[in-house]
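Colleague: no sequence on this one, just coordinates:
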């Protein structure tokens, strides 16, 4: 006899990034972008991506964010220019990503490697504030010569 669900992963999905709820706003997949060529270094600006979904009866707005690991956190355009709050309409997902408005941790105060965590507090007009522990995305490949890990290799030049 076995207990139902013990040891089974059928039907489970663990999405990457931090997930939270504040008021009627769901926050999904919040993560600091993958460091491009090694860790994010002090002084670097690191993008923070996530999805927002408002289950309430009135629109909300992401007003800003703060963290102790960076000098400031700005809401920026896809091109990196500072912009105002992000509208979070009722019933429509809002993606904050590379090609969209997103958050930018400006002037990192410490090194962040893929897999490291940082606390970020998001502030919404109606829902209030929520603190999330977000991670820096793990690199999608690792140099086998450095890690000695079989099967994890850098892409070949030109790919």
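Modeller: Done, it's in. Quick caveat: nothing in here was measured; it's all calculated off a predicted structure.
Colleague: in the protein, which spans are helices?
Modeller: Secondary structure of the chain by DSSP state H: the helices cover 144-147.
Colleague: For it, which segments count as strands?
Modeller: Using DSSP state E, the strands of the chain run over residues 18-22, 25-32, 46-54, 60-67, 70-76, 86-88, 94-96, 102-108, 117-124, 128-136.
Colleague: Can you tell me how far the closest residue to residue 113 other than its chain neighbours is from residue 29?
Modeller: Distances taken as CB to CB, 6 or more residues apart in numbering put residue 39 closest to residue 113, at 4.1 Å, once the chain neighbours are dropped. Placement of C-beta: from N, CA and C, glycine included. According to CB to CB, to the nearest Å, residue 39 stands 21 Å off from residue 29.
Colleague: When the two are compared, which one has more neighbours?
Modeller: Neighbours per residue (other CB atoms under 10 Å) separate residue 39 from residue 29, with residue 39 holding more: 19 against 16.
Colleague: So the more buried one sits against residue 115, correct?
Modeller: No - contact criterion CB atoms under 8 Å: residue 39 and residue 115 do not qualify, at 9.9 Å.
Colleague: count of residues packed around the nearest residue to residue 96 once chain neighbours are set aside?
Modeller: Once flanking residues are discounted, residue 96 sits nearest to residue 102: 4.2 Å by CB to CB, 6+ apart. Using other CB under 10 Å, residue 102 has 21 neighbouring residues.
Colleague: Assess the claim that residue 102 and residue 48 are in contact.
Modeller: Yes - Residue 102 is within contact range of residue 48, at 6.5 Å (criterion: CB under 8 Å).
Colleague: what do residue 39 and residue 115 both touch?
Modeller: Residues touching both residue 39 and residue 115 by CB atoms under 8 Å, 6 or more residues apart in numbering: residue 136.
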